[in-house]
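Chemist: Below: sequence and its predicted model.
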Amino acid sequence: MQYWDYHVHLENGPYTIEWLKKFIEQGQRNNVGEIGFSEHGYRFKQAYHLIHSDGYRGKWVREYSGQDIDEYIELIEEAKNQGFPVKLGIELDYIPEKEEEIREFVKQYPFDYVIGSVHWLGDWGIDLDQKDWENKDVYDAYKRYFDILKQAAKSRIFSFLGHPDVIKVFGYRPGVDIAELYEDVAKVIAENGQCVEVSTAGLRKPVGEMYPSQAFLEILLKYGVPVILDSDAHYPEHVGYMFDKGIDYIKKCGYTSLCRFKKMSRHTEVLG
């Protein structure tokens, strides 16, 4: 079957058709027939208020913010007009205290889909620096992470939840069974009709495995949570990364279909 990849970032190059085409060309080599671009919202000056804090989070984001979302949208719309098989998306950090601002922001733009991700526990960026995990209570971090992920699901702002156990990125694991945490969050995701991303990006990270873990994915299936397969590409060479392995993984866990999106509407396609 031909794949689609809706978690792709242009941020390491200019907002030009020439740069965008490199992602398209790599997708074609990896049998990806449609690409959804999903820039990080924090990069745009129009979205800075969605993630700002008076602490480290605000300081970190200020270093990367300042781009114009209108230039990004114009590029993707121009690519669509030229016949390229692309979708307009965005990846937004879910910050609980900013929920209403996030909701209003999403309404302002013609997105095909919106990814909701949890990268921050307060002012701690959980996937920024492995050293930040030293002397942390790992179980407590996981619990806090999944509590925020549940809030993101309950908000129903997002088309799907990105890399749902990215908390494991550096390989830190609680010393106890966390099936109960998986069950709890899976129930909430299902009750709120949310889709979850299966991401091959974890294979490129220190943890060396897919997001989510097999145990988590099987629990998501038990509750009927639909999934989408993505690469979280930040460079052209990552588009469709290890998708054959991703499809096998998804099927092994019992899934038979994947989600697609257009104009914030979801539909499913049966796996070939």
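Modeler: Nice, I can see it. Residues are numbered from 1 along each chain as shown.

Chemist: got a list of what the spatially most central residue of the chain touches?
Modeler: If you average the C-alpha coordinates of the chain and look for the closest C-alpha using C-alpha atoms, centre = their mean, you land on residue 162, 2.8 Å from that point. If a contact means C-beta atoms under 8 Å, 6 or more residues apart in numbering, then residue 162 has 7, 91, 115, 116, 117, 197, 199, 230, 232 as its contacts. Yep, even glycine has a C-beta here, placed from its N, CA and C like the rest.

Chemist: Distance check, it against residue 122.
Modeler: Distance, residue 162 to residue 122, using C-beta to C-beta, to the nearest Å: 19 Å.

Chemist: swap in residue 254?
Modeler: For residue 254, the distance to residue 122 under the criterion C-beta to C-beta works out to 36 Å.

Chemist: ok, these two, which is more surrounded?
Modeler: With other C-beta atoms under 10 Å as the criterion, residue 254 and residue 122 differ in neighbour count, and residue 122 comes out ahead with 14 against 11.

Chemist: List the beta-bridge partners for the closest residue to residue 268 other than its chain neighbours.
Modeler: With C-beta to C-beta, 6 or more residues apart in numbering as the criterion, residue 268 has its nearest non-adjacent residue at 4.5 Å, and that residue is residue 257. Partner residues in beta bridges with residue 257: residue 270, with DSSP bridges as the criterion.

Chemist: how near is residue 257 to residue 57?
Modeler: Between residue 257 and residue 57 the distance, using C-beta to C-beta, works out to 37 Å.

Chemist: neighbour count winner among those two?
Modeler: More crowded of residue 257 and residue 57, by other C-beta under 10 Å: residue 57, with 21 against 13.

Chemist: thinking again about what came up before, could I get the phi/psi values of the residue nearest to the centre of the chain?
Modeler: Geometry field for residue 162 lists phi and psi as phi -80, psi 150, criterion degrees, to the nearest 10.

Chemist: CA atoms of the helix or strand encompassing residue 4 as CSV?
Modeler: Assignment of secondary structure by DSSP states H and E places residue 4 within strand 3-8. In CSV, the C-alpha atoms belonging to strand 3-8 read as follows (Å, rounded to 0.1, in the frame of the first residue of the first chain):
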residue,chain,number,x,y,z
TYR,A,3,1.6,5.5,2.9
TRP,A,4,0.9,9.0,4.1
ASP,A,5,3.0,10.9,6.7
TYR,A,6,1.4,13.7,8.6
HIS,A,7,4.1,14.6,11.1
VAL,A,8,6.8,16.4,9.1
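
Chemist: Any chance you could list what contacts it?
Modeler: By C-beta under 8 Å, 6+ apart, strand 3-8 touches 23, 27, 30-38, 87, 89, 91, 113, 115, 162, 197, 199, 201, 228-233, 239-240, 243, 247, 260-261.
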